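1. Provided below for reference: sequence and predicted model.
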Amino acid sequence: MNNLYIYIKNAYVENVIKYGMKLSEFADKFLKISGTEKAGITAYLSPKDSELYYDDNYTCIKILISNINIYVYNKCFENHDLPNYFISKYEDYTYGTYEEPIAFIYSTILPENISIYNKIKDTPLLIQNSKEYFYERSINEMLENDKFTKYELYQILLILGEQKKIFSTTKIDNIKIYKDNINGNLYTKKSSF
């Protein structure tokens with residue numbers, strides 16, 4: 001992926017598009033990386049990764065990553081001295097590796113690397129939400145590596161659905177019937193006792 005996304009208050013967008021983003025002026029984050037504290041600008045791998053996506057007071061700008069210094073780190077560990085396996089150079093990062101990936105730009109961003117992101121007609125995104133992609137990738141990896149069988153996953157989902165009251169249950173002899181409270185689908189689970 002060749003772009004990152006930053007949210008800027010609407011009042012500053014015109015200047016950012018025209019003059020770029022000086023690190024000294026726009027740094028909003030400090031990270032300790034290999035014992036050294038660095039200043040940087042917070043960016044997102046996908047526009048929907050930020051809680052500002054639906055905030056009308058901010059504009060999402062798209063950053064072309066060429067000639068920019070970037071780390072990606074797992075936000076879960078941002079208030080700690082980041083372990084090496086939860087931070088990497090952008091070019092070494094594999095999408096879906098961190099639960100909450102955040103880009104950390106530690107260089108000035110020139111105006112030719114900046115454009116306004118258009119939610120409606122911009123380039124389609126391969127990954128809509130990094131956190132959801134992480135979960136999807138992790139689950140698929142566990143299933144592909146035979147960590148769990150489809151049967152075990154089915155059983156766990158039935159139990160979770162019952163706990164969340166998504167399913168109502170009835171029991172007939174040694175068979176438990178789960179009814180989906182929304183669409184009425186039925187699922188069965190045979191008990192061995």
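-> That came in fine, so what should we check first?

2. roughly how far is whichever helix or strand L31 is part of from the heart of the chain?
-> Under the criterion of DSSP states H and E, L31 resides in strand 29-33. Mean-position distance between strand 29-33 and its chain equals 20 Å (Cα atoms, centre = their mean, to the nearest Å).

3. now do stretch 95-107
-> 9 Å.

4. Taking the centroid of the protein, which residue is nearest it?
-> Taking Cα atoms, centre = their mean, the centroid of the chain lies closest to S130, which sits 2.3 Å from it.

5. what's around L23, how many residues?
-> L23: 16 surrounding residues under other Cβ atoms under 10 Å. Placement of C-beta: from N, CA and C, glycine included.

6. show me the residues around it that make contact.
-> 39-41, 105-108 (Cβ atoms under 8 Å, 6 or more residues apart in numbering).

7. And it, what's its pLDDT?
-> We have a pLDDT of 96 for L23.

8. on that earlier part again, for PyMOL, write a command that selects the buried ones of the contacts of L23.
-> Here is the PyMOL command that selects the buried residues among these (16 or more other Cβ atoms under 10 Å):
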select buried, resi 40+41+105+106+108
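
9. from the contacts of L23, which ones fall inside strands?
-> Counting by DSSP state E, the contacts of L23 place 39-41, 105 in strands.

10. Let me know the closest of those to I8.
-> Using Cβ to Cβ, I41 comes nearest to I8 of the ones in strands among the contacts of L23, at 10.3 Å.

11. Name the nearest residue to that closest one, sequence neighbours excluded.
-> I105 (4.4 Å; Cβ to Cβ, 6 or more residues apart in numbering).

12. Leaving out sequence neighbours, find the closest residue to S138.
-> The spatial neighbour of S138 that comes closest, neighbours along the chain excluded (Cβ to Cβ, 6+ apart), is G96 at 7.6 Å.

13. Touching, the one you found and Y135? I think so.
-> No: G96 is not in contact with Y135 according to Cβ atoms under 8 Å; the separation is 9.0 Å.
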